[in-house]
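A.B. asks: with the input below, show me the fold.
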Amino acid sequence: MCGIVGLVSTTPANQQVYDALALLQHRGQDSTGIATCEGRTIHQRKAKGQVREAFRTRDMRGLLGNMGLGHVRYATRGTASNEEEAQPFYVNAPYGIILVHNGNLTNTRELTNELHLHDRRHLNTSSDTELLVNVLAHELQAATTVRAFSPDDVFNAVEVLHERVEGSYAAIALIAGHGLLAFRDPFGIRPLVLGRRNAGLVGADWIVASESLVLEHGDYEIVREIAPGEAVFISEDGEMTSRQCAKNSVLIPCSFEYVYLARPDSIMNGISVYEARLRLGDRLADTIMKYVPLSDIDVVMPIPDSARPAAMQVARKLGVEYREGFYKNRYVGRTFIMPGQEARKKSVKQKLNAMHSEFAGKNVLIVDDSIVRGTTSREIVEMARAAGAKSVIFTSAAPPVRYPHVYGINMPSRGELVASGRKIPEIAAEIGADYLIYQEVADMEAAIIEGSDVTALEMSCFTGDYVTGTVTPEYLAWVEENQVS
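C.D. replies: Sure thing, here's the model as predicted:
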């Protein structure tokens with residue numbers, strides 16, 4: 001999971017990209033990078049840490065040009081602490097291409113061999129983004145003719161890229177002296193939205209980003225989602241063209257975007273994230289009523305912030321008082337995307353504090369968006385008991401996470417997943433809850449896609465079914481052996 005943005009503007013791009021990345025900071029905190037294009041010259045700056053830490057005035061002054069792109073990284077490939085693997089990635093031929101990518105490629109071993117042996121391209125890192133930009137560069141060089149540069153050359157290159165690359169990828173690239181390219185994998189697993197803003201007599205500004213909130217903040221009109229398998233090219237002077245570049249494409253977006261990753265004020269694939277989370281709460285309440293007498297629940301409490309909409313709906317539907325028992329320190333990052341288990345465990349108590357007055361002597365029903373490793377859940381249950389809770393019922397707005405996620409979320413090892421190989425009562429004992437209730441898989445899918453044109457979701461971490469169809473047990477074992485520390 002990462003956040004990406006790219007734009008072609010009638011005014012300098014640097015501050016606009018910076019502002020967009022600040023809005024996407026929830027999608028990654030390991031590192032960040034910005035690149036701009038001034039004529040045929042590409043300028044870039046990337047560093048470890050968050051956006052506000054990485055860029056100083058002197059850095060922004062050097063990021064010249066009206067085209068730009070940016071990235072916030074949450075490491076799922078390579079090493080989280082390695083600045084060399086921060087994005088964007090650059091290759092000098094053809095033209096000069098610099099690229100950012102959100103997702104995970106699942107045939108990296110094969111691509112690495114092909115690039116070395118057949119394409120004769122050198123790789124400096126283990127990042128799959130470096131693989132992706134080199135595949136694009138190789139195919140663009142092969143597609144380029146002796147005539148003048150054409151968007152058709154770019155689209156032809158992306159067509160071949162789709163045939164070679166497997167996995168999830170939403171990508172944005174600057175092609176020096178020509179324009180901006182954005183494309184999405186044939187399943188549309190990771191999000192990418194296109195926006196336009198009227199710039200008066202000088203034309204129009206264009207933007208592509210991971211989430212719609214970036215467009216709304218910049219007063220862009222949301223044009224549409226970039227379709228699965230589609231490529232969009234925007235020239236330096238603001239002319240936009242597009243083409244469907246995949247032979248077989250179908251929209252199957254990642255369910256975890258709606259459960260946890262995205263900001264609630266975003267709309268993805270025509271689905272309001274906030275409204276989807278409200279519906280998740282409604283469905284969860286129905287399940288709770290099957291297993292727990294209402295007399296055993298005094299209050300409903302969310303784990304802030306992403307579980308709040310679901311918890312509000314649970315309380316409303318159950319007719320039980322809704323209370324805010326946990327205070328969140330907003331200066332600590334999201335624990336799920338902390339690099340390393342020890343960092344996650346340490347940050348839980350720094351992030352949350354239980355208010356004794358809300359817990360003392362009460363039977364508390366806690367709602368969280370999901371339970372992945374169980375680290376946060378276990379700490380939260382302990383906090384509730386220490387604050388005086390009489391009993392703790394723990395509920396999850398998502399089903400049990402039982403399988404590795406290989407499409408851009410750091411869940412590579414079954415051994416790290418608290419639900420892997422355990423029945424629900426065993427998970428409850430593991431996290432210390434008196435009772436544990438999960439959302440049903442079918443209810444989660446129905447709640448998210450209700451009222452939209454989306455007909456299916458990527459739910460592999462819940463079901464073990466991988467939509468790309470090329471994820472084998474051998475591959476999963478290899479991923480576990482080579483996971484990020």
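A.B. asks: so residue 367 touches residue 281, yeah?
C.D. replies: Yes - between residue 367 and residue 281 there is a contact at 7.3 Å, judged by CB atoms under 8 Å. From N, CA and C alone the C-beta is placed, and that goes for glycine too.
A.B. asks: more neighbours: the two, which one.
C.D. replies: For residue 367 versus residue 281, neighbours defined as other CB atoms under 10 Å are more numerous around residue 367 (29 against 26).
A.B. asks: show me the contacts for the closest residue to that one other than its chain neighbours.
C.D. replies: Distances taken as CB to CB, 6 or more residues apart in numbering place residue 311 nearest to residue 367, at 3.8 Å, with adjacent residues excluded. Residues in contact with residue 311 (CB atoms under 8 Å, 6 or more residues apart in numbering) are 281, 300, 301, 302, 322, 367.
A.B. asks: would residue 311 count as being in a strand?
C.D. replies: No - counting by DSSP: H, G, I helix; E, B strand; the rest coil, residue 311 is not found in a strand; it is helix.
A.B. asks: against which helices or strands is the helix ranked longest in the chain packed?
C.D. replies: When the chain is parsed with DSSP state H, its longest helix is helix 273-291. The elements that helix 273-291 packs onto, with contact taken as 3 or more CB pairs under 8 Å, 6 or more residues apart in numbering; DSSP states H and E, are helix 308-318, strand 363-368, strand 391-396, strand 435-438, helix 441-449.
A.B. asks: sheet-wise, list the partners of the following helix or strand past it with their directions.
C.D. replies: Sequence-wise, the next helix or strand downstream of helix 273-291 (DSSP states H and E) is strand 299-302. Within its sheet, strand 299-302 is paired with strand 321-322 (parallel), strand 363-368 (parallel), according to DSSP bridges.
A.B. asks: need the next SSE after the lowest-mean-pLDDT helix or strand in the chain, C-terminal direction.
C.D. replies: In the chain, the helix or strand scored least confidently by mean pLDDT, DSSP states H and E is helix 341-351, which has a mean of 62. Using DSSP H and E, the helix or strand that follows helix 341-351 in sequence is strand 352-354.
A.B. asks: mean confidence for the next helix-or-strand element following that next one?
C.D. replies: Per DSSP H and E, the first helix or strand lying C-terminal to strand 352-354 is helix 356-359. On average, the pLDDT along helix 356-359 is 94.
A.B. asks: may I have helix 356-359 as CSV, with CA atoms only?
C.D. replies: Extracted C-alpha coordinates of helix 356-359, given in CSV (Å, rounded to 0.1, in the frame of the first residue of the first chain):
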residue,chain,number,x,y,z
HIS,A,356,-11.0,5.0,33.1
SER,A,357,-14.3,6.8,33.6
GLU,A,358,-15.7,5.2,30.4
PHE,A,359,-14.7,1.7,31.3
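A.B. asks: measure how buried residue 221 is and give me the count.
C.D. replies: 12.
A.B. asks: next: residue 123.
C.D. replies: Residues near residue 123, counting by other CB under 10 Å, number 14.
A.B. asks: let me know the secondary structure of the residue nearest to it when sequence neighbours are not counted.
C.D. replies: Closest residue to residue 123 apart from its sequence neighbours, by CB to CB, 6+ apart: residue 130 at 5.6 Å. Of the three states, residue 130 takes helix under three-state DSSP.
A.B. asks: re earlier: most packed of the strands paired with strand 299-302?
C.D. replies: Mean neighbour count (mean count of other CB atoms under 10 Å) peaks for strand 363-368 among the strands paired with strand 299-302, with a mean of 24.
A.B. asks: residues in contact with that one?
C.D. replies: Residues from elsewhere that reach strand 363-368 (CB under 8 Å, 6+ apart): 281, 284, 288, 292, 296-303, 307, 310-311, 314, 320, 325, 376-377, 380-381, 384, 389-397.
A.B. asks: please pick the buried ones from those residues.
C.D. replies: Buried residues within the contacts of strand 363-368, counting neighbours by 16 or more other CB atoms under 10 Å: 281, 284, 288, 292, 297-303, 307, 310-311, 314, 320, 325, 376-377, 380-381, 384, 389, 391-397.
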